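Trainee: everything below, folded, please.
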Amino acid sequence: MKALFPFLIAAAIAVPAHAADPAAPVNEIMQEAVNGWTEEPKPGEDYFSAARLGRIYSQDFAKAYQAAAKFPAYDEGDSPFDYDVIVSGQDSCSIKDLSVAAGPETAGKSDVKVTFDNTHCFGERAADWKPSELHFIVIEEAGHPVIDDIIRTGDAGSLKTELQGIASQGVSDPQ
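Mentor: You can find the predicted model right below:
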């Protein structure tokens, strides 16, 4: 037994700690988008349900969402958005050619790049058409990967910044 103990210690030190997969929370959100934008959508969970906010989003992102949610886009609603922030619109085709690729961690953040085609059913596209692209910024909190922001290409930019803007506008203009 004494000879086995040093071997077990050496083996434990030689095996690097398995880092959590930064794409895991992103895959969950993208699967929800795929399920919601099919020909026959399946019942699902809101991207920003209370359960998800506490599990796959950073504390900072959850606070920004909760502050913005005090100012819903519709009178009977509870979301600060009047569009689907993942597909970047109110209308979408089913999601095709989904790609989720986690980049290397830099300064405690991983950029998980997502591309997909959700416009294939709208007819002819421009010659310079490109698939939709999102960048999920994933950090680690309490030993788990969590989404800290979603960066949309084009003018949309940071979702967290948009949430902060909704909250600020709501506070300054209570209607």
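Trainee: what number of residues lie near residue 105?
Mentor: Residues near residue 105, counting by other Cβ atoms under 10 Å, number 15. Using the backbone N, CA and C atoms, a C-beta is placed for each residue, glycine as well.
Trainee: and residue 139, what helix or strand is that in?
Mentor: strand 132-141 (DSSP states H and E).
Trainee: adjacent strands (with direction) for that strand?
Mentor: strand 109-117 (antiparallel), strand 144-152 (antiparallel) (DSSP bridges).
Trainee: which other residues reach that strand?
Mentor: Identification of contacts with strand 132-141 by Cβ atoms under 8 Å, 6 or more residues apart in numbering yields 20, 22-23, 25-26, 29, 58-59, 86-88, 102, 108-119, 145-153.
Trainee: before we move on, what about stretch 57-68?
Mentor: By Cβ under 8 Å, 6+ apart, stretch 57-68 touches 25, 48, 53-54, 80, 139, 141, 146-149, 160, 163-164, 166-167, 170.
Trainee: mind showing which ranges of the chain have poor pLDDT?
Mentor: 1-19, 171-175 (pLDDT under 70).
Trainee: again, 90 this time
Mentor: By pLDDT under 90, the low-scoring segments of the chain are 1-20, 38-44, 71-79, 82-83, 88-93, 123, 153-156, 168-175.
Trainee: before we move on, the earlier item: need the strands paired with strand 132-141 in TSV with mean neighbour count and distance to residue 63, can you?
Mentor: Below are the strands paired with strand 132-141 laid out as TSV (neighbours: other Cβ atoms under 10 Å; distance: least, Cβ to Cβ, whole Å):
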stretch	mean neighbour count	distance to residue 63
strand 109-117	19	18
strand 144-152	20	11
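Trainee: of all these, which one comes closest to residue 38?
Mentor: strand 109-117 (13.1 Å; Cβ to Cβ).
Trainee: please save the CA atoms from that closest one in PDB.
Mentor: This file holds the C-alpha atoms of strand 109-117, laid out as PDB (Å, rounded to 0.1, in the frame of the first residue of the first chain):
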ATOM      1  CA  LYS A 109     -13.200  34.900 -21.000                       C
ATOM      2  CA  SER A 110     -14.000  32.600 -23.900                       C
ATOM      3  CA  ASP A 111     -15.500  33.800 -27.100                       C
ATOM      4  CA  VAL A 112     -17.900  31.100 -28.400                       C
ATOM      5  CA  LYS A 113     -18.700  31.900 -32.000                       C
ATOM      6  CA  VAL A 114     -22.100  30.800 -33.400                       C
ATOM      7  CA  THR A 115     -23.100  30.900 -37.000                       C
ATOM      8  CA  PHE A 116     -26.400  29.800 -38.600                       C
ATOM      9  CA  ASP A 117     -28.700  30.300 -41.500                       C
END
